[in-house]
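[1] Below are the sequence and a predicted model for it; my questions follow.
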Amino acid sequence: MDWSFLITLLLIGLIGSFISAMTGLGGAIIIVPALLYIPPLVGVGNLDMKQVSGITIIMVFITSLIGTLTHGQHKAVNRPLVFTMGITGFLTSFAGAYISKFTKAHFLLAIFAVMACIAAVMMWIPRREQGENIPAEQVQFNHVIAIIIALIVGFVGGMVGAPGAYIFIPSMIYILGIPTRVALGSTMGIVFVSSIAGALGKLITFQVPYILTAAVLVGTIPGARMGGLFSHRVPVKLLRRFLAVIISYAAIRMIYDALK
């Protein structure tokens with residue numbers, strides 16, 4: 001195993017987890033293209049999609065766990081919101097995954113691309129931040145609407161094999177009225193709940209390349225911790241704009257893939 005390859009994976013894990021924990025995203029939207037394209041770009045090696053999938057689910061699991069704990073220390077994780085949306089999304093994703101076997105892949109991708117586009121447009125809408133200094137546990141939300149959002153995102157996410165963190169965040173901010181920092185921290189918790197089954201499934205079926213994954217995790221653990229801490233030093237308005245750029249990229253990429 002080439003050391004330059006392992007060091008490249010370590011750096012991908014470090015930077016990818018930092019951005020993921022800072023923005024509240026699970027990390028798949030960042031880490032999958034990074035693992036696929038960066039190693040061959042710098043001439044150190046190649047990973048196939050099966051290897052990338054195994055590495056990514058473990059990284060997302062670790063990143064979301066550390067991110068949840070870090071955001072929780074800053075009182076930015078609303079546990080009722082995490083359990084309400086996380087468990088609902090977790091259960092409906094199974095139904096979506098089952099039904100997806102009877103649906104064309106491009107149709108599924110098109111549905112998720114439309115949802116991502118709506119989320120991207122929402123993130124560019126100016127919004128006056130309210131409740132920024134309220135502890136997460138004191139933030140109130142409409143449980144019925146939260147369940148409906150989780151039902152839809154979880155179901156469609158299960159169909160296309162994505163947790164949909166970049167749809168959960170705008171939905172929390174603009175539909176439920178959750179303060180931005182609490183939305184980011186709580187989404188990390190939702191992603192953690194959603195990733196448990198996927199991580200266990202990949203591990204017990206031996207779909208995880210252990211040495212390569214270990215190299216990524218060496219960077220992931222400190223990166224997720226630093227990203228979670230840094231998130232609380234960045235102005236909320238800047239965080240929302242950064243999220244808007246990432247979500248817009250995700251929407252454009254999905255539209256491109258759906259039209260191919």
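    In hand now; what should we look at? Residues are numbered from 1 along each chain as shown.
[2] Report the separation between residue 60 and residue 124.
    26 Å (Cβ to Cβ, to the nearest Å). For the C-beta atoms, the positions are set from N, CA and C on the backbone; glycine is no exception.
[3] Likewise for residue 26?
    Taking Cβ to Cβ, one finds residue 26 at 21 Å from residue 124.
[4] what about these two, which has more around it?
    Remark: of residue 26 and residue 124, residue 26 carries more neighbours, 31 against 14, as counted by other Cβ atoms under 10 Å.
[5] in which helix or strand would I find the closest residue in space to that one that isn't next to it in sequence?
    Among residues not flanking residue 26 along the chain, residue 191 sits closest, at 3.9 Å (Cβ to Cβ, 6 or more residues apart in numbering). Using DSSP states H and E, residue 191 maps to helix 180-204.
[6] Tell me the helix or strand right after that helix.
    helix 210-231.
[7] Dump the helix or strand bottoming out on mean pLDDT in the chain to PDB, keeping only the CA atoms.
    Least confident helix or strand, the chain: helix 105-123 with a mean of 77, by mean pLDDT, DSSP states H and E. Provided in PDB are the C-alpha atoms of helix 105-123 (Å, rounded to 0.1, in the frame of the first residue of the first chain):
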ATOM      1  CA  ALA A 105     -33.000   4.900 -11.300                       C
ATOM      2  CA  HIS A 106     -33.200   8.100 -13.300                       C
ATOM      3  CA  PHE A 107     -36.700   8.700 -12.100                       C
ATOM      4  CA  LEU A 108     -35.600   8.400  -8.500                       C
ATOM      5  CA  LEU A 109     -32.600  10.700  -9.100                       C
ATOM      6  CA  ALA A 110     -34.900  13.300 -10.800                       C
ATOM      7  CA  ILE A 111     -37.200  13.300  -7.800                       C
ATOM      8  CA  PHE A 112     -34.400  13.900  -5.400                       C
ATOM      9  CA  ALA A 113     -32.800  16.500  -7.700                       C
ATOM     10  CA  VAL A 114     -36.100  18.500  -7.700                       C
ATOM     11  CA  MET A 115     -36.100  18.400  -3.900                       C
ATOM     12  CA  ALA A 116     -32.500  19.500  -3.800                       C
ATOM     13  CA  CYS A 117     -33.300  22.400  -6.200                       C
ATOM     14  CA  ILE A 118     -36.200  23.600  -3.900                       C
ATOM     15  CA  ALA A 119     -33.800  23.300  -0.900                       C
ATOM     16  CA  ALA A 120     -31.100  25.300  -2.700                       C
ATOM     17  CA  VAL A 121     -33.600  28.100  -3.600                       C
ATOM     18  CA  MET A 122     -34.800  28.200   0.000                       C
ATOM     19  CA  MET A 123     -31.200  28.700   1.200                       C
END
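[8] Now do that helix: distance to the chain's middle.
    15 Å (Cα atoms, centre = their mean, to the nearest Å).
[9] cool, stretch 81-93 as well?
    14 Å.
[10] Can you give me the neighbour number for residue 107?
    Neighbour tally, residue 107, other Cβ under 10 Å: 12.
[11] All set, thanks.
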